[in-house]
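Peer 1: quick one: sequence plus predicted model below, questions after.
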Protein chains: 2
Amino acid sequence: MKLLAGRSELFKASEVRELLKLTEGRKIISLAGGLPDPQTFPKEELAEIAQEVIRERGESSLQYAPTAGITEFRKELTNFLQRKDVKVDSSDSVLITTGSQQALDLISRVFIEREDVIIVELPTYLAALNAYTLSHPQIIGVPVDGDGMRVDLLERELKKVYAKGKKVKFIYTIPVAHNPAGVTMSVERKKALLQLASEYDVVIIEDDPYSYFVYESGVDVTPLKTLDKEGRVIYLGTLSKILSPGLRLGWVLGNHYVIDVLERAKQTADLHTSSLTQYIALEAMRRGVVERTIEKARQVYKVKRDVMLDSLLDHMPENTWWPKPVGGLFVMVFLPSLEIDTRKMLTEAIAMGVAYVPGASFFSNGGGWNSMRLNFSFPSPDKIAEGVKVLGSLARDKIKTPSKPITPESFYGM
Amino acid sequence: MKLLAGRSELFKASEVRELLKLTEGRKIISLAGGLPDPQTFPKEELAEIAQEVIRERGESSLQYAPTAGITEFRKELTNFLQRKDVKVDSSDSVLITTGSQQALDLISRVFIEREDVIIVELPTYLAALNAYTLSHPQIIGVPVDGDGMRVDLLERELKKVYAKGKKVKFIYTIPVAHNPAGVTMSVERKKALLQLASEYDVVIIEDDPYSYFVYESGVDVTPLKTLDKEGRVIYLGTLSKILSPGLRLGWVLGNHYVIDVLERAKQTADLHTSSLTQYIALEAMRRGVVERTIEKARQVYKVKRDVMLDSLLDHMPENTWWPKPVGGLFVMVFLPSLEIDTRKMLTEAIAMGVAYVPGASFFSNGGGWNSMRLNFSFPSPDKIAEGVKVLGSLARDKIKTPSKPITPESFYGM
């Protein structure tokens, strides 16, 4: 059993993950995950649909399916995306994936060779970082602020890379309702990003799980995919937050040349995604169940976000800072002390019955150690308030001499 | 778009695959795939179960789940496997995978580093070869005969590898109802294989999708896992043939140390397998639906196998040879001419309305070009007879001067 590959070291146990695993099944207030609220699941409708698609279409819904996905579902999904203002070009194609996690993994395997340069945001989605890291890229982080990725800093990084004669394989971004930062990229920034990508001929990976949940009016949620005129944006989406994560359905939309290669990679990875859950999702889309779920969930999550924001105001130490999330499921909280390490604090928090994800996990450059990501979609409003209160008292306890307010830039820039 | 990794070349389009893709949706007799007969799907029972698990347990069945799989399902599956005489040690653990294809992929990623040596059978399962190849191993093929893997030749290969100071990462085998060869390893060979694995301290990957379908009496189907006393067998299984492939449910059973690493690799690959399909399978196992499906399918497939064997006798050119499959879903047919290339012949066969998989795809050493794998589980008995007749006439047409009978050894040994 000493015969596992050296590569297996990459699949190492994460300390944070092991800690959070300990909380499973325990009575703990988890602000850690990104679970949807089960009350948003359209159980009755899905029960009815599941029964029907097995009874009436079992020859297909229980059988093997094409690797790209069920043709009817891919069509229905394309219509759905177009209704959401996602532009689908005639040269585009759609690949159904086993959750968008698989899309991230396939992208890592198909795009990245060892030492290739990729660019991500600071902070960025933890599980994307993990997927990319397996292919040993050189990762450059570009800070975000209230208007999304700092495109000026992006340009500086691109110049540096190209000055060394290297290229950038792709830029990975979550432009709308960013996880974990909660911010949304302004239209100007989106255009500037596309302009830079064009100049440097770089692919953009646009991850868009949260644009359905924007709680403020006047926020532009136009995808980069829609603004792109050159077929360089690869667009990722998922049903996990807008219908059910248990179905494990995600998708990649992009130029057919790229999608074909991803499809072949998927064939080796798991042959195809569950036919049954694709048929269920197909019917749920046709009958408007997905759209109704989005409406319901948006209302539920807005209330919960506001409870969390109020609780933070009530309980966090002076000079704690958090960007107000215009959308999504998370608040990123920065504690007013550079000496605090939220990874260490997590053990105590769990002992006091509250879990969160330490912010450092989202920073590719080792920053963010005094921040934490708090989820508000899963816990009840009462538990949100209770959890934040516990974290607030724990933080107050640790912070004997609170620093001056720390500006967003100084955090994001770390 | 010139920015895909060099690795993406690995995910190249296979000629055979592209040909077979052309047959999708066309009126063609496909002896190519390994699809179960949809009449074996327990539609009514699964429709009922699906409705119930969503309505009554939707909070869990529609929610995210642990990467290792739903705890209840893993327990029920362990019981099921034990009833099938698969030994589960106290140090063992089970990981639920998205079909057993994912298990092959995870094994490739966790075990194999570039240039590592692995051993497979000649022939072996095509999709396993594809999964392993992505990690760039050195692949050694060991021929099988009517009693399974030639353990004497395996020993010779092991000696050669170790004489060079190298090690073998694992031996991959399908001991019972082999795909594509249809043969089953004798108990003596199984014991000898385990003995050799022990001497050389090699891991064994045992792939067991077909042991439920053995059509002859007196065939020993004891898994290597059960005979293993050292925890070196990693056992793969799937519900694809014994319940429904559309659920995408497979599993890996083995020493918890290995399973833990595979689990972490799976977390990056797709987070977890569909909770919904796991809950459906859990209930199907509890209610005996899986066992009843096995009974029914075994009867259906035995009849179809016999139709195929009779048709081959009736229609194939003299001196064509095929091992009689004691189980599984395939017959491997070797044409009596070393000049014939079944890859080239496939284009003509498809033009005449019949598809198969060229045998060369199953040989890691480039052999088997005059063989083809024929599936009998999916087509109706009539179509089996018709398809074999077409292939027979096509082969007769090509083989002007049939060679002497070619013995199994000379084929397997290629």
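Peer 2: Nice, thanks for sending it over.
Peer 1: looking at stretch A:234-248 now, give me its mean pLDDT.
Peer 2: Across stretch A:234-248, pLDDT averages out at 98.
Peer 1: for stretch A:258-268, same thing?
Peer 2: 96.
Peer 1: so what touches that stretch?
Peer 2: A:67-68, A:92-95, A:97, A:102-103, A:106-107, A:109-110, A:203, A:234, A:252-253, A:272, B:1, B:4, B:8, B:11-13, B:101, B:105, B:127, B:130-131, B:134 (Cβ atoms under 8 Å, 6 or more residues apart in numbering or on different chains). Any C-beta I mention is one placed from the backbone N, CA and C, and that applies to glycine too.
Peer 1: sort out which of those are buried, if you could.
Peer 2: Buried members of these, scored by 16 or more other Cβ atoms under 10 Å in any protein chain shown, are A:67-68, A:92-95, A:97, A:102-103, A:106-107, A:109-110, A:203, A:234, A:252-253, A:272, B:4, B:8, B:11, B:101, B:105, B:127, B:130-131, B:134.
Peer 1: among the contacts of stretch A:258-268, which are located in helices?
Peer 2: Among the contacts of stretch A:258-268, the members found in helices (DSSP state H) are A:102-103, A:106-107, A:109-110, B:101, B:105, B:127, B:130-131.
Peer 1: go through those residues and name the one nearest residue A:212.
Peer 2: Comparing these against residue A:212 with Cβ to Cβ places residue A:103 closest, at 17.4 Å.
Peer 1: surely that closest one meets residue A:248?
Peer 2: No. Using Cβ atoms under 8 Å, residue A:103 is not in contact with residue A:248; the gap is 11.6 Å.
Peer 1: remind me, longest strand of chain A?
Peer 2: strand A:138-145 (DSSP state E).
Peer 1: run the chain-centre distance for that strand.
Peer 2: 16 Å (Cα atoms, centre = their mean, to the nearest Å).
Peer 1: same deal with stretch A:150-159?
Peer 2: 22 Å.
Peer 1: one more: stretch A:333-353?
Peer 2: For stretch A:333-353, the distance to the chain centre is 23 Å (Cα atoms, centre = their mean).
Peer 1: can you measure across it, start residue to end residue?
Peer 2: By Cα to Cα, to the nearest Å, the extent of stretch A:333-353 from end to end equals 19 Å.
Peer 1: how about it: buried residues?
Peer 2: A:333-337, A:340, A:342-343, A:345-346, A:349-350.
Peer 1: from the ones in helices among the contacts of stretch A:258-268, pick the one nearest residue B:362.
Peer 2: Nearest member of the ones in helices among the contacts of stretch A:258-268 to residue B:362, counting by Cβ to Cβ, is residue B:127, at 10.1 Å.
Peer 1: against residue B:240, how distant is the closest residue to that closest one other than its chain neighbours?
Peer 2: Sequence neighbours aside, residue B:101 is the residue nearest to residue B:127 in space, at 5.9 Å (criterion: Cβ to Cβ, 6 or more residues apart in numbering or on different chains). Distance, residue B:101 to residue B:240, using Cβ to Cβ, to the nearest Å: 9 Å.
Peer 1: who touches both of those two?
Peer 2: residue B:250.
Peer 1: what segments of chain A are strands?
Peer 2: Counting by DSSP E, the strands of chain A are A:29-30, A:92-97, A:117-122, A:138-145, A:148-149, A:168-173, A:203-207, A:233-238, A:250-255, A:330-334, A:354-355, A:357-358, A:371-375.
Peer 1: tabulate those strands (CSV), appending distance to residue A:299.
Peer 2: Below are these laid out as CSV (distance: least, Cβ to Cβ, whole Å):
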stretch, distance to residue A:299
strand A:29-30, 22
strand A:92-97, 29
strand A:117-122, 28
strand A:138-145, 27
strand A:148-149, 25
strand A:168-173, 27
strand A:203-207, 24
strand A:233-238, 20
strand A:250-255, 24
strand A:330-334, 18
strand A:354-355, 26
strand A:357-358, 25
strand A:371-375, 17
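Peer 1: out of those strands, which comes closest to residue B:390?
Peer 2: strand A:92-97 (34.0 Å).
Peer 1: what's that closest one in contact with?
Peer 2: A:68-70, A:73-74, A:77-78, A:103, A:106, A:231, A:249-256, A:259-260, A:262-263, A:266, A:272-273, A:278, B:270.
Peer 1: switch the cut-off to 7 Å
Peer 2: With contact meaning Cβ atoms under 7 Å, 6 or more residues apart in numbering or on different chains, strand A:92-97 is reached by A:68-69, A:73-74, A:77-78, A:103, A:106, A:249-256, A:259, A:262-263, A:266, A:273, A:278.
Peer 1: what does the model give residue A:17 for pLDDT?
Peer 2: Looking at residue A:17, the pLDDT reads 73.
Peer 1: number of nearby residues for it?
Peer 2: By the measure other Cβ atoms under 10 Å in any protein chain shown, the count of residues near residue A:17 is 17.
Peer 1: helices of the stretch 201-350 of chain A, residue ranges please.
Peer 2: A:224-227, A:256-270, A:275-286, A:289-315, A:342-351 (DSSP state H, counting those that start in this stretch).
Peer 1: compute the number of surrounding residues for whichever residue of the stretch 251-400 of chain A sits closest to chain B.
Peer 2: Nearest residue of the stretch 251-400 of chain A to chain B (Cβ to the nearest Cβ) works out as residue A:275 at 3.5 Å. Neighbour count of residue A:275, defined by other Cβ under 10 Å: 26.
Peer 1: if you skip the residues just before and after it, what's nearest to it?
Peer 2: Using Cβ to Cβ, 6+ apart, the closest residue to residue A:275 is residue B:246 (3.5 Å).
Peer 1: would you agree the one you found is in contact with residue A:272?
Peer 2: No. Counting by Cβ atoms under 7 Å, residue B:246 does not reach residue A:272; the two are 9.0 Å apart.
Peer 1: list residues touching both of the two?
Peer 2: With Cβ under 7 Å, 6+ apart, residue B:246 and residue A:272 have common neighbours A:64-65.
Peer 1: and residue A:414, what pLDDT?
Peer 2: Residue A:414 is given a pLDDT of 44.
Peer 1: my bad, residue A:71
Peer 2: Residue A:71 is given a pLDDT of 96.
Peer 1: again with residue A:398
Peer 2: On the pLDDT scale, residue A:398 gets 86.
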